[in-house]
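A.B. asks: need a structure here:
(chains A and B)
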Amino acid sequence: AQSVSQHNHHVILSEAASLELGCNYSYGGTVNLFWYVQYPGQHLQLLLKYFSGDPLVKGIKGFEAEFIKSKFSFNLRKPSVQWSDTAEYFCAGRDYRDDKIIFGKGTRLHILP
Amino acid sequence: KAGVTQTPRYLIKTRGQQVTLSCSPISGHRSVSWYQQTPGQGLQFLFEYFSETQRNKGNFPGRFSGRQFSNSRSEMNVSTLELGDSALYLCASSSSSGGSDEQYFGPGTRLTVT
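C.D. replies: Residues are numbered from 1 along each chain as shown, chains lettered A, B, ... in the order given. All right, here's what the predicted structure looks like:
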């Protein structure tokens, strides 16, 4: 079965540190990949998405992710985090074969001021 | 545009009861997907409706069912509630089906089964 794996369940960083959250998917074919964020008390919202083309995707609030097909990875990065980035981050993937979006279990990011 | 709305926001039910949750998508969106969110499992896909038809479903027992109306509003029903059904139930709407576009999430319904 298709799956999306997020390597870290909890990450704690200080402000201005660099961030990389890991995400691996198990699909072999064409995929759409997403990162969603859930800030405390708010709805899930889209950070960025990859459908095709340039494997380096830029999203809102300075986030970016790189699709590396050979590694089945779609890691989320930000060069310098802020306290306001404290949230839960979800990686998700869609396999064209069955049209379902599968979410990872999420990574809780806590930024120390 | 108004966002995705879900009612009720909070529910407390007893084991064995049934519950119906409601979701109103963003105007013009015809796809509605439902997810169960729990701390240990993250978001798990329940089902997707598009133009009143169930397009896809996840690996949940038949106690979980849903439907979509002609105005794209959707309801989700859980019968014979179990303690393990306690979760945040999220609804997401999209302009196209099958996850081929961004999904917009509602605030969720927090269901507690006692």
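
A.B. asks: spatially, what comes nearest to the residue nearest in space to the middle of chain B if we skip its sequence neighbours?
C.D. replies: With distances taken as CA atoms, centre = their mean, B:Trp34 lies nearest the centre of chain B, 3.2 Å away. Distances taken as CB to CB, 6 or more residues apart in numbering or on different chains put B:Leu46 closest to B:Trp34, at 4.1 Å, once the chain neighbours are dropped. The way it works is simple: take the backbone N, C-alpha and C, and place the C-beta from them, glycine included.

A.B. asks: tell me the secondary structure at the one you found.
C.D. replies: With DSSP: H, G, I helix; E, B strand; the rest coil as the basis, B:Leu46 sits in strand.

A.B. asks: report the contact partners of it.
C.D. replies: B:33-36, B:57-58, B:60, B:64, B:66, B:76, B:89 (CB atoms under 8 Å, 6 or more residues apart in numbering or on different chains).

A.B. asks: what about the strands in chain A?
C.D. replies: With DSSP state E, the ranges of strands along chain A come out as A:4-6, A:10-14, A:19-21, A:23-25, A:31-38, A:44-50, A:56-58, A:64-68, A:73-78, A:87-95, A:100-103, A:107-112.

A.B. asks: the fifth one to strand A:64-68, inter-axis angle?
C.D. replies: Looking back up the chat, that one is strand A:31-38. For strand A:31-38 against strand A:64-68, the angle by axes from the mean of the first three to the mean of the last three CA atoms, to 10 degrees is 150 degrees.

A.B. asks: any part of strand A:31-38 near chain B?
C.D. replies: Yes - between strand A:31-38 and chain B, judged by CB under 8 Å from any CB of the partner chain, the touching residues are A:32, A:34, A:36.

A.B. asks: let me have the strands of chain A in CSV, extended by mean neighbour count and mean pLDDT.
C.D. replies: Putting the strands of chain A into CSV (neighbours: other CB atoms under 10 Å in any protein chain shown; pLDDT from 0 to 100) gives the following:
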stretch, mean neighbour count, mean pLDDT
strand A:4-6, 20, 94
strand A:10-14, 13, 97
strand A:19-21, 19, 97
strand A:23-25, 22, 94
strand A:31-38, 23, 93
strand A:44-50, 19, 94
strand A:56-58, 14, 96
strand A:64-68, 18, 95
strand A:73-78, 21, 97
strand A:87-95, 24, 92
strand A:100-103, 22, 86
strand A:107-112, 17, 96
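
A.B. asks: so which of those strands is nearest B:Leu81?
C.D. replies: Closest approach to B:Leu81 among the strands of chain A (CB to CB): strand A:100-103, 23.5 Å.

A.B. asks: ok, residues contacting that closest one?
C.D. replies: The contact list for strand A:100-103 (CB under 8 Å, 6+ apart) reads A:2-4, A:25, A:34, A:36, A:90-95, B:33, B:35, B:42-45, B:48, B:56, B:58, B:98-99, B:103.

A.B. asks: picking up where we left off before, from the residues of strand A:31-38 next to chain B, pick the one nearest chain B.
C.D. replies: The closest of these to chain B turns out to be A:Asn32 (CB to the nearest CB; 6.7 Å).

A.B. asks: what's the closest non-adjacent residue to that closest one?
C.D. replies: A:Arg94 (4.2 Å).

A.B. asks: if I look at the spatially closest residue to A:His7 that is not a sequence neighbour, how far off is A:Gly62?
C.D. replies: In space, and not counting its chain neighbours, A:His7 is closest to A:Gly22: 3.6 Å by CB to CB, 6+ apart. Distance of A:Gly22 to A:Gly62, given as CB to CB, to the nearest Å: 19 Å.

A.B. asks: cheers, nothing more for now.
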